[in-house]
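Participant: Here you go, sequence then predicted model.
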Amino acid sequence: MSIKEIVEGIKNKKIKAKEVVEECLKEIRERDKGVNSFITVFEEDAIKEGELIDRNLEDLKDKKLLGVPISIKDNILVKGKRTTAGSKILENYIATYDATVVKRLKEEGAIIIGKTNMDEFAFGSSTETSYFGPTRNPVDIERVPGGSSGGSAASVSAGFVPCSLGSDTGGSIRQPASFCGVFGLKPTYGRVSRYGLIAFASSLDQIGPFAKNTFDLALIMEVIAGYDEYDSTSLNEEVPEYSKDIENFDIKGVKIGLPDEYFELGVDSEIKDRILGICKKLEEEGSIIERIKLPHTKYAVSVYYIVAPSEASSNLARYDGVKYGYSNRNGKDLIEDYFLTRRDGFGEEAKRRIIIGTFALSSGYYDAYYLKAQKVRTLIKRDFEEAFKKVDFIITPTSPQVPFKIGEILDPISMYMQDVFTIPASLAGIPGLNFPAGRNKDGLPIGLQILGKKLSEREIFCFSFFLEKILEKEVMDHG
Amino acid sequence: MIDIEHIIELARLYVTEEEREKFKKQLPEIIEFFKNLEELDTENILPIFHTLGVKNVMREDKMRKFEDRELILENAPEREEDFFKVKRVIEEI
């Protein structure tokens, strides 16, 4: 069921909120063993929430997400619940407050079903680095769901929940959405509060939604977006009602840019053909397709893998085993306890990134790496600013490949290259949406990425909604 | 050149023997991968710190009461009354 159907159904007493929750829980119990999309499931509490809604229906009828079950990535705090970030170091950490996004979801009647699996501290593109074991792609369980929000994407793709929240630092919503064949949005940096999100790279992190259609995605977004005094980087800009009048969109004359750099070597030819095929359809509908250049694209992965680990190494300094989390107290003194706690508590990829980041920030190297990367970041941002003077949207593949097999990519640099098409928008702070664009000949999902200028979420949703309708029509016309 | 022993000291991080061997091989490769940035002249380019240019957000320095103090303390690996307990840092005289 879509979010809209659930809310209408409960409001009109066609279904009970409790039944919707029970159905989700049943599916998770029966099928999540093979997928491993959840780290924690809130069975009792979710049913209680459902009952509470059914009892107080008259007072709650205006709630936008009345009785909607949602899963939350396990780096977003839900008060009183275990929040692990996929790491041993937080295996038994109990959140002491609700993240702002969670508070807003609860206020609109959403029911938190559980916490989803992820790469440790969101360090990864496959959900294989989780301390709680890898998540499998529900489309093909031999393959990865992408990452780092692989559990969230898989929980929606498998039909356990209609929607989820994830976080995206360099592609961690869009790439798993692409791999699992669902919709996912990384908002403009600062559009959604990061208060209560376990920090990875603070200049890049954004929380965003997953759903099975554009309307649902827009509805979640209008609930979670907006200024928050507890996040000084959040933007004090009005939030449009994204789901309202979403069908009001005129494709005639809309300019779409296809960046040459995203269709060059290394992109799977079936993905390329599919994306270009869709663009041809958009052209037939009246849009104008233009080839554009984003010349600094090839530097984006280097910039990202300097900036993100640098910020991560600083953010992860807090895990010292003193105030919360795993603690090894077998050292000869307090300092050695820190070393031991961090040795046992962090996994290999977390350590690799702490080391890269500590190196890039260390005395004598700061200018050559971190500062240099932040300057090149300016050039990447300018590429987009120039492009958006000429076009309204940019379309690219979300990922150069379809989902790979579990254990297939072992080399760190090859894994880092997975984010090549999602990283540039993260560095520039602009919004990006993964649109599920069908399957390849082996039945594996293909993702199309729509990028827009800063704070253009409303336009992106309208465009995505339009695209959804013409592709639905295509399926109906041709079977 | 990256000196792993020095970096892990700075990061307060022990690594296992297996990790040390892997990192010794991988980290120079990763640093080498970053070298393409040297092609670009960034002499007159300003670095980005907030992508939308928000800066110096001030607020009143006023204490607010946190509702669930006890929940924070319950997360402590070792606790004595209302304190987080760690090994003695200052030597007895």
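Facilitator: Here it is on my side, so go on.
Participant: For chain A, what's its nearest residue on chain B.
Facilitator: B:T51 (2.7 Å; CB to the nearest CB). Glycine gets a C-beta too; all of them are placed from N, C-alpha and C.
Participant: which residues in the chain form strands?
Facilitator: Let's take chain A. Using DSSP state E, the strands of chain A run over A:38-41, A:69-73, A:111-116, A:163-168, A:183-186, A:206-211, A:255-259, A:288-292, A:393-397, A:432-439, A:445-451.
Participant: that answer is for a different chain, and I need it for chain B
Facilitator: Counting by DSSP E, the strands of chain B are B:79-80, B:83-84.
Participant: looking at those, which is closest to A:D168?
Facilitator: Nearest to A:D168, of all those, is strand B:83-84, at 33.4 Å by CB to CB.
Participant: I'd guessed A:S149 sits against A:P209; true?
Facilitator: No. Shown here, A:S149 and A:P209 do not form a contact pair, counting by CB atoms under 8 Å, at 10.5 Å.
Participant: More neighbours: which of these two?
Facilitator: A direct count of neighbours by other CB atoms under 10 Å in any protein chain shown for A:S149 and A:P209 places A:S149 higher, at 38 against 30.
Participant: one step back: count of residues packed around the residue of chain B closest to chain A?
Facilitator: Counted with other CB under 10 Å, B:T51 comes out at 21.
Participant: now swap in A:G266 and tell me
Facilitator: By other CB under 10 Å, the residues close to A:G266 number 8.
Participant: from what I can see it touches A:P400, true?
Facilitator: Yes. The criterion here is CB under 8 Å, and A:G266 meets it with A:P400 at 5.3 Å.
Participant: what residues are shared contacts of those two?
Facilitator: Here A:G266 and A:P400 have A:V420 as joint contacts, going by CB atoms under 8 Å, 6 or more residues apart in numbering or on different chains.
Participant: quick one on the thing from earlier: deepest in the core, which of the strands of chain A is it.
Facilitator: Sort the strands of chain A by mean neighbour count, taking mean count of other CB atoms under 10 Å in any protein chain shown, and strand A:183-186 sits at the top with a mean of 32.
Participant: Which other helices and strands does the top helix by length along chain A contact?
Facilitator: Assignment by DSSP state H gives helix A:457-478 as the longest helix of chain A. Secondary-structure packing of helix A:457-478 (3 or more CB pairs under 8 Å, 6 or more residues apart in numbering or on different chains; DSSP states H and E): strand A:183-186, helix A:214-224, helix A:269-284, strand A:393-397, strand A:432-439, strand A:445-451.
Participant: Redo these as a markdown table? Include mean pLDDT.
Facilitator: What follows is these, written out as a markdown table (pLDDT from 0 to 100):
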| stretch | mean pLDDT |
| --- | --- |
| strand A:183-186 | 98 |
| helix A:214-224 | 98 |
| helix A:269-284 | 97 |
| strand A:393-397 | 98 |
| strand A:432-439 | 97 |
| strand A:445-451 | 98 |
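Participant: Just the pLDDT at the spatially most central residue of chain B, thanks.
Facilitator: The centroid of chain B falls nearest to B:A11 when counting by CA atoms, centre = their mean (7.4 Å). B:A11 is assigned 97 on the pLDDT scale.
Participant: Distance-wise, check the nearest residue to it once chain neighbours are set aside relative to A:F339.
Facilitator: For B:A11, ignoring the flanking residues on the chain, the nearest one in space by CB to CB, 6 or more residues apart in numbering or on different chains is A:T358 at 4.4 Å. Using CB to CB, to the nearest Å, A:T358 is found at 14 Å from A:F339.
Participant: For the two, indicate the residue with more neighbours.
Facilitator: Neighbours were counted for A:T358 and for A:F339 using other CB under 10 Å; A:T358 has more, 26 against 19.
Participant: and that one, what is it in contact with?
Facilitator: By CB under 8 Å, 6+ apart, the contact list for A:T358 reads A:S313, B:I7, B:L10, B:A11.
Participant: same deal with A:I413?
Facilitator: Counting by CB under 8 Å, 6+ apart, A:I413 has contacts B:E29, B:I30, B:F33.
Participant: and if we set it to 6 Å?
Facilitator: B:F33 (CB atoms under 6 Å, 6 or more residues apart in numbering or on different chains).
Participant: mind checking pLDDT for it?
Facilitator: Looking at A:I413, its pLDDT is 93.
Participant: who touches the top helix by length along chain B?
Facilitator: The helix that spans the most residues within chain B, counting by DSSP H, is helix B:17-33. Helix B:17-33 is contacted by residues A:E348, A:P412, A:I413, B:I2, B:I4 when judged by CB under 6 Å, 6+ apart.
Participant: run the last query once more with 8 Å
Facilitator: Here helix B:17-33 makes contact (CB under 8 Å, 6+ apart) with A:302, A:305, A:348, A:351-352, A:355-356, A:359, A:412-413, B:1-2, B:4, B:15.
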